[in-house]
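Peer 1: Structure, please.
(chains A and B)
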Amino acid sequence: MDITFRRRRAFLGVLVTCVASVATGVLKASDFPSQDVRIVIADDSEATKRITEGLQKRFPSAQIVAEITASQSKRRNQVYVTVGPAALRAVLTKEIEVPILSLFTSSQAYRSILESAPKHAGGITAIFAEPSLFDQMQLIASVYKQRVSVAVLLTDKTSYLAAGLRQAASMANLDLDIEEIGADDNVNRALNRIRQAPVILAVPDTSIYNAENIRNILVTSYRHNQSVVGFSSALVKAGALASTISSIEDIIVQAEELLSEFASSGRLSVPQFPKYFSVTFNENVARSLNLSIDDNTKRMARKPSGRVS
Amino acid sequence: MKFLNWHHWGIKTRTLVISILQLGMIFSVILWFYLTRLNEIDRDLQDQGNLVARIMAIDSQYGVISGNLSDLESTILRLLQSNRSIYSIDILEATGKQLLHVSSGVTLTEMTRTFEADIRKDQVDLNSFGINDAPHVSEQLNLRNEDPHGGVVGKVRVAMTPTSMLANKHNRLLTGTAIALAFLLVTSLVAFEFLRSLTRPLATAIAAVRRIRTGNYQTELQITAGGEVAELQSSIIEMAASLDESKRNLEGRVLARTEELAKARDAEVKANAEKRRLIQKVTTAVEEERQNIAFDIHDHLNASVIAVRLDIQRLLRHASNVQSRMAECVPADDKSTKEMDTLIDVAKSSLQYLSDLYERARGIVKRLRPEVLDTLGLRDAVDDMVRHFDESHPNCRFEFRAAGEFSSVNNQVAIASYRLVQEALSNIDKHAAASITRVVLNVDDEEETLSIEVLDNGKGFNAANTEPGIGMIGMRERVFGLNGKLDIASEVGAGTTIRIELPLEKDGDKKFTNVSSS
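Peer 2: Now for the predicted structure:
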């Protein structure tokens, strides 16, 4: 619950960036030369392939880098776009001085990697993978149509989100119940402590929400007649009620905008949450919880101009 | 063995056999099913045990992971209450430590078996957005997850006992048997009711047919059934009505025909009587004419012949006297002597002719009117005739036998009998070439008949292929005229036997009407 001033300022920076982007609309096509973009990947998974294909459409001359050599690391006019946490960690270990844009990495993973990696001198920013806290709160407010209490489970790895959560809850006119889980604490006991809150907002935290115990959390919340608003379509499919989701294309468009701004201003934006999104619902869960989702809520989205959600 | 031939069985027997077969088949199927299921109990127990263990392993994930076993215990208790085949369920940690033990308390048997299943941490296809993950993507990429299962966190041990299954099997067997018996009973009752409704009208139909067979066509059969039986009843009723009508028509026709036949018979009898009277009249007329002719020949012709013969005898005496005197005269007149000799010769010749004529006339008279009948009677007359035939035919011996009292034989019958024997002997003389002939007359006073039998050992003839001659026709008519009976038996080479019976009573129509030959 104790949030440092630095974290609060970083979050406000992200928030301001997001709001500013929404206010100014979608930027035009990037002025950033695509030949200076290096797409760094660390695996050949299906997700990586799709992301790479999307990036290459936006940056046709961009090079895909699977392994960074010493000569590559000397070129300062380039921007490294890392795909996933493994690629980010790989770039940071090379101690290069080029700007880095981290994509498809959650804020928790981003912070964890930066804390464990050597100090990077070339500048680094990110578009986080998880949904914007503001958008998630707005989604909850739209679903319940009333002021409800939103519970959030945080550990020491995600406690930095508390300030942003309060801000977002306040803007969405929702009550916030942050439950921190200690190292020797139990998730089930924590779930029992927040059983009065009708909504649990799940934020990416591998010590809480992982493949092994997500079923347990979802079953328990269902038994408590609580809905879970998750952070991915997979979580919604597993049993969460809803989530805002950003597609690969949404992230890439936002990345293009960020790089264009970088090209024009010479300054990297602060790390930010995804700007463009749509929402996904689990109709079965809604029916089980006797929640009626109206069409406006189902159609909630923010997309770049010219795109249809 | 006849009972085994089912073609001879009645409807009731067939229905009974079908019911017994059904009963046997149903019980065989039930028994087979029961025995088969008994063998399958172990397999069912194994399948059920594995299934329960796996389901409980899945259902126990939350309890084992969360440590909240109260819900799991209540779930297991409900499961044990609903499935009596489960003896106990144990929830174990991965290390083997028992977390929960719930037992049903049913009787433990030697057949109790245990089944185990691992409690795994089922992983959701979820990108947890960790630092070592693949790229974090909030949208659904529909990527395949190769292994959705995590590690083993515990174990479920289920003890299954077949007691409940066996009890269920027995109950099912008893229930199935009861249902089958009830079904069989109902179907049998329905079948026998149907059978009764079928056999009852059939029995009445059969009784009606039997009455019809005895000639009682006034059946009171009613159409009481439907379908083929009704058609049968209707057919029997129609048949009875048709037969009754036919019987009436036939009886009418028979009556009419009988009347016609009676009339014809009466007409024939009348015609026969008239014919007989006519024949008798003709015969009598013939006999009378013969007698008249005989009398004329005897009285006039023979008298004249005798008178002429006496005259010629007297003339001959006178001529002899003249011849004697002329012989005494000298000289003799030769011419007169010769003429006298001629005269005497002519006289003698005429006398001889007259004698022959007289004898012939006597013979004719005798044939026309056998005087011996009047003088000797039938018996001696026939005897005389047979003797005459015997004397005149040296190559054949004629015998005569007679029995009975012939005084009761009237003249008409005597003449007819004499003529019949005469014609028979004449035929034998002309055609038979016999060496022995026998004539037998017999008068039966009790029967009041005269029987005539003429036998010979001649060459005989085939009566069927031989056209009767005038003599034979005359014999038949003569016998018919006396209402007698004529039987001619003959074979080629075996002689001939003629048997005649003539009634001696005045009204002979009652006894003999038949004239036949063989």
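
Peer 1: May I ask you to confirm that A:Val152 belongs to a strand?
Peer 2: Yes: checked against DSSP: H, G, I helix; E, B strand; the rest coil, A:Val152 lies within a strand.

Peer 1: Over to the residue nearest to the spatial centre of chain A. Which of the three states is it?
Peer 2: Averaging the C-alpha coordinates of chain A gives a centre point, and the residue nearest to it by CA atoms, centre = their mean is A:Glu130 (2.2 Å). Of the three states, A:Glu130 takes coil under three-state DSSP.

Peer 1: how about the residues of the stretch 101-250 of chain B that lie near chain A?
Peer 2: Where proximity means CB under 8 Å from any CB of the partner chain, the interface of the stretch 101-250 of chain B facing chain A comprises B:121-141, B:143, B:150. Where C-beta positions appear, they are placed from N, C-alpha and C, glycine not excepted.

Peer 1: In ChimeraX, how would I select just the buried ones from these?
Peer 2: Buried members of those, identified by 16 or more other CB atoms under 10 Å in any protein chain shown, are gathered into one ChimeraX selection as follows:
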select /B:121,122,123,124,125,126,127,128,129,130,131,133,134,135,136,137,138,139,140,141
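
Peer 1: in what helix or strand does residue 191 lie?
Peer 2: Defaulting to chain A. When secondary structure is defined using DSSP states H and E, the element that contains A:Leu191 is helix A:187-193.

Peer 1: Please refer instead to chain B.
Peer 2: With DSSP H and E as the criterion, B:Ala191 is inside helix B:163-213.

Peer 1: From the contact counts, what lies against that helix?
Peer 2: Using 3 or more CB pairs under 8 Å, 6 or more residues apart in numbering or on different chains; DSSP states H and E, the elements in contact with helix B:163-213 are helix B:11-66, helix B:227-296.

Peer 1: which element follows the shortest one toward the C-terminus?
Peer 2: Right, helix B:11-66. helix B:70-82.

Peer 1: Check the longest one too.
Peer 2: Downstream of helix B:227-296, the first helix or strand assigned by DSSP H and E is helix B:302-328.

Peer 1: Could you check how far the helix or strand following that following helix is from the centre of its chain?
Peer 2: Remark: after helix B:302-328, the chain's next helix or strand is helix B:334-368, criterion DSSP H and E. Its chain's C-alpha centre and that of helix B:334-368 lie 83 Å apart, by CA atoms, centre = their mean, to the nearest Å.

Peer 1: again, but for stretch A:290-307
Peer 2: Between the mean C-alpha location of stretch A:290-307 and the chain-wide mean there is a distance of 19 Å, by CA atoms, centre = their mean.

Peer 1: Next: stretch B:289-307.
Peer 2: Taking CA atoms, centre = their mean, one finds the center of stretch B:289-307 at 72 Å from the center of the full chain.

Peer 1: sec struct for A:Ser305, please.
Peer 2: Under the three-state scheme (three-state DSSP), A:Ser305 adopts coil.

Peer 1: Select the longest strand from chain B.
Peer 2: Once chain B is assigned using DSSP state E, the strand that runs over the most residues is strand B:149-160.

Peer 1: got a list of contacts for that one?
Peer 2: If you take CB atoms under 8 Å, 6 or more residues apart in numbering or on different chains as the criterion, strand B:149-160 is touched by A:211-212, B:45, B:48-49, B:52-53, B:56-57, B:60-61, B:64-65, B:85-94, B:96, B:99, B:112-123.

Peer 1: Can you tell me which of those are buried?
Peer 2: A:211-212, B:45, B:48-49, B:52-53, B:56-57, B:60-61, B:64-65, B:85-92, B:99, B:112, B:115, B:117-123.

Peer 1: now the helices: where do they sit in the stretch 151-300 of chain A?
Peer 2: A:162-171, A:187-193, A:214-223, A:233-238, A:248-265, A:283-288, A:295-298 (DSSP state H, counting those that start in this stretch).

Peer 1: Close to chain A: what parts of chain B are there?
Peer 2: Within chain B, the positions lying close to chain A (CB under 8 Å from any CB) are B:61-62, B:65-68, B:121-141, B:143, B:150.

Peer 1: and if we set it to 7 Å?
Peer 2: When proximity is defined by CB under 7 Å from any CB of the partner chain, chain B lies next to chain A at B:62, B:65-66, B:68, B:121-141, B:143, B:150.

Peer 1: how many other residues sit next to B:Thr214?
Peer 2: Neighbours of B:Thr214 under the rule other CB atoms under 10 Å in any protein chain shown: 7.

Peer 1: no, scratch that, I was asking about B:Asn292
Peer 2: Considering only other CB under 10 Å, B:Asn292 is surrounded by 12 other residues.

Peer 1: hmm, back to that, out of the helices of the stretch 151-300 of chain A, which comes closest to B:Asn292?
Peer 2: Distances from B:Asn292 to each of the helices of the stretch 151-300 of chain A were compared using CB to CB; the shortest belongs to helix A:283-288, at 153.6 Å.

Peer 1: Show me which residues of the closest one are buried.
Peer 2: Residues of helix A:283-288 classed as buried under the neighbour-count rule (16+ other CB under 10 Å) are A:Val285, A:Ala286.

Peer 1: And for stretch A:101-118?
Peer 2: Applying 16+ other CB under 10 Å to stretch A:101-118 flags A:101-114, A:117 as buried.

Peer 1: same deal with stretch A:256-264?
Peer 2: A:Glu256, A:Glu257, A:Leu258, A:Leu259, A:Ser260, A:Glu261, A:Phe262.

Peer 1: Equivalent analysis for stretch A:124-137, please.
Peer 2: For stretch A:124-137, the buried set under the neighbour-count rule, 16+ other CB under 10 Å, comprises A:124-137.

Peer 1: Which of these sits closest to chain B?
Peer 2: Distance to chain B, by CB to the nearest CB, is smallest for A:Ala129 among the buried residues of stretch A:124-137, at 3.2 Å.

Peer 1: wouldn't the closest one be in contact with A:Thr105 here?
Peer 2: Yes: the pair A:Ala129 / A:Thr105 is scored as a contact, 5.7 Å apart, by CB atoms under 7 Å.

Peer 1: B:Phe389: what's it in contact with?
Peer 2: B:Phe398, B:Leu425, B:Asp429 (CB atoms under 7 Å, 6 or more residues apart in numbering or on different chains).

Peer 1: what's the neighbour count on the last one?
Peer 2: When counting by other CB under 10 Å, one arrives at 17 neighbours for B:Asp429.

Peer 1: ok, now how distant is it from B:Val454?
Peer 2: Using CB to CB, to the nearest Å, we find B:Asp429 at a distance of 12 Å from B:Val454.

Peer 1: which residues sit in contact with B:Thr75?
Peer 2: So B:Thr75 contacts B:Asp59 (CB under 7 Å, 6+ apart).

Peer 1: how near is it to chain A?
Peer 2: Taking CB to the nearest CB, to the nearest Å as the criterion, B:Thr75 is separated from chain A by 13 Å.
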